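Visitor: Provided below for reference: sequence and predicted model.
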Amino acid sequence: MSRPVFYPYKMKSGSAKVLAQEFDAERVNPDGEFRNNFKRPIINWGNSQVPQWMKRWNNQVILNHPTAVALATNKLLTFEKFKVASVKHPEWTTDRLEAEHWLQDTPVVIRKTLTGRGGQGIELALVGEPLPILAPLYTKYFKKRDEFRVHVFNGKVIDFVQKKRTSPDANNQIRNHGNGWVFAREDVVLPPCIAEESIKAVAALNLTFGAVDVGYNVKYDEPCVFEVNSAPGIEGTTITKYCQAIKEYLHA
């Protein structure tokens with residue numbers, strides 16, 4: 001198999017840049033006149049746009065086709081696919097009245113945007129509170145003790161980390177870096193049900209690879225998939241894992 005080409009969602013993506021360097025490969029953008037005369041495999045790192053140069057090829061090897069990435073980057077489309085594939089995910093609605101009814105018994109996560117990254121556009125309404133805004137998507141809050149990011153490649157888990165708080169005051173409901181949470185790998189054990197749902201989630205979106213964010217209710221041994229990242233930030237061990245997985249895939 002020929003040397004791959006990387007197609008990042010933005011040319012400044014640090015993860016795509018590092019991976020391309022590992023393969024001595026170039027990165028290409030959606031514009032321009034890129035010519036793939038040797039039919040080199042394309043590794044799409046989170047770009048949902050189908051470029052003109054991709055449309056001209058037949059039988060091209062593409063890891064994460066842009067149409068699949070477009071599903072993964074839209075939370076509503078993602079949940080619709082999860083429902084069809086029986087992937088365990090939050091109960092959701094686009095109906096504000098239904099979400100207001102939920103608030104009688106459970107907190108509701110308000111998603112102000114369907115394509116936000118890293119917790120962007122997320123707001124939490126607690127029981128008894130009014131819904132502050134009209135939003136395109138509402139989900140029932142999933143009660144969890146743990147939250148994992150599971151990297152899946154070609155139907156296998158290749159790496160995983162767990163979100164750990166950086167201070168006792170970290171926000172327990174919305175777990176992102178800005179709220180005092182970081183990914184850790186020391187002393188982390190991945191429950192089998194988390195691995196299973198992560199693999200199902202990536203397959204449901206027709207992705208070759210993805211980083212799956214999953215909540216885990218320990219009491220009921222219950223997973224809940226929140227999203228699949230098609231351009232995750234990776235470093236250290238995870239970069240090595242992706243390089244190995246890409247090489248195995250391309251030389252199979």
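Guide: Good, I have the coordinates.

Visitor: please pull out the lowest mean pLDDT helix or strand from this protein.
Guide: strand 181-184 (a mean of 72; mean pLDDT, DSSP states H and E).

Visitor: according to the record, where do the domains of the chain fall?
Guide: 5-69, 92-140, 143-229 (automatic domain parsing).

Visitor: CA atoms only for the helix or strand harbouring residue 54, dumped as PDB, please.
Guide: For residue 54, the element it lies in under DSSP states H and E is helix 52-55. Provided in PDB are the C-alpha atoms of helix 52-55 (Å, rounded to 0.1, in the frame of the first residue of the first chain):
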ATOM      1  CA  GLN A  52     -13.600  18.100  -5.600                       C
ATOM      2  CA  TRP A  53     -10.400  16.100  -5.900                       C
ATOM      3  CA  MET A  54     -11.900  13.300  -3.900                       C
ATOM      4  CA  LYS A  55     -15.000  13.200  -6.200                       C
END
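
Visitor: strand partners (parallel or antiparallel) of whatever helix or strand comes next after that helix?
Guide: Counting by DSSP H and E, the next helix or strand C-terminal to helix 52-55 is strand 62-63. Using DSSP bridges, the strands paired with strand 62-63 are strand 42-45 (parallel).

Visitor: give me the contact list for the strand it pairs with.
Guide: Contacts to strand 42-45, defined as CB atoms under 8 Å, 6 or more residues apart in numbering, come from residues 4-9, 13, 15-16, 19, 36, 54, 60-66, 69, 230-231, 246. All C-beta spots, glycine's among them, are computed from the backbone N, C-alpha and C.

Visitor: weed out the non-buried ones from these.
Guide: By neighbour count, with 16 or more other CB atoms under 10 Å, the contacts of strand 42-45 hold 4-9, 13, 15-16, 19, 36, 54, 61-66, 69, 230-231, 246 as buried.

Visitor: doesn't residue 211 belong to a strand?
Guide: Yes. Secondary structure of residue 211 (DSSP: H, G, I helix; E, B strand; the rest coil): part of a strand.

Visitor: list the contacts of residue 104.
Guide: 127-128.

Visitor: which residues of the chain score low on pLDDT?
Guide: 1, 32, 37-38, 58-59, 118, 165-181, 252 (pLDDT under 70).

Visitor: which residues in it form helices?
Guide: In the chain, the segments counted as helices under DSSP state H are 14-22, 52-55, 66-72, 75-85, 96-102, 192-204, 237-250.

Visitor: which positions in the third one come out as buried?
Guide: In other words, helix 66-72. 66, 68-72.

Visitor: kindly report the same for the last one.
Guide: Neighbour-count burial for helix 237-250 flags 238-239, 241-242, 245-246, 249-250 (criterion: 16+ other CB under 10 Å).

Visitor: can these go into TSV with extra columns for distance to residue 208?
Guide: TSV is the format used below for the buried residues of helix 237-250 (distance: CB to CB, whole Å):
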residue	distance to residue 208
238	16
239	17
241	14
242	11
245	9
246	10
249	7
250	11
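
Visitor: closest to residue 90 out of those residues?
Guide: residue 238 (25.7 Å; CB to CB).

Visitor: enumerate every residue touching the closest residue to the closest one other than its chain neighbours.
Guide: What sits nearest to residue 238 in space, not counting adjacent residues and going by CB to CB, 6 or more residues apart in numbering, is residue 159, at 5.1 Å. For residue 159, the contacting residues are 150-151, 237-238, 241, by CB under 8 Å, 6+ apart.

Visitor: ok, residue 159 to residue 105 distance?
Guide: 37 Å (CB to CB, to the nearest Å).

Visitor: no further questions, thank you.
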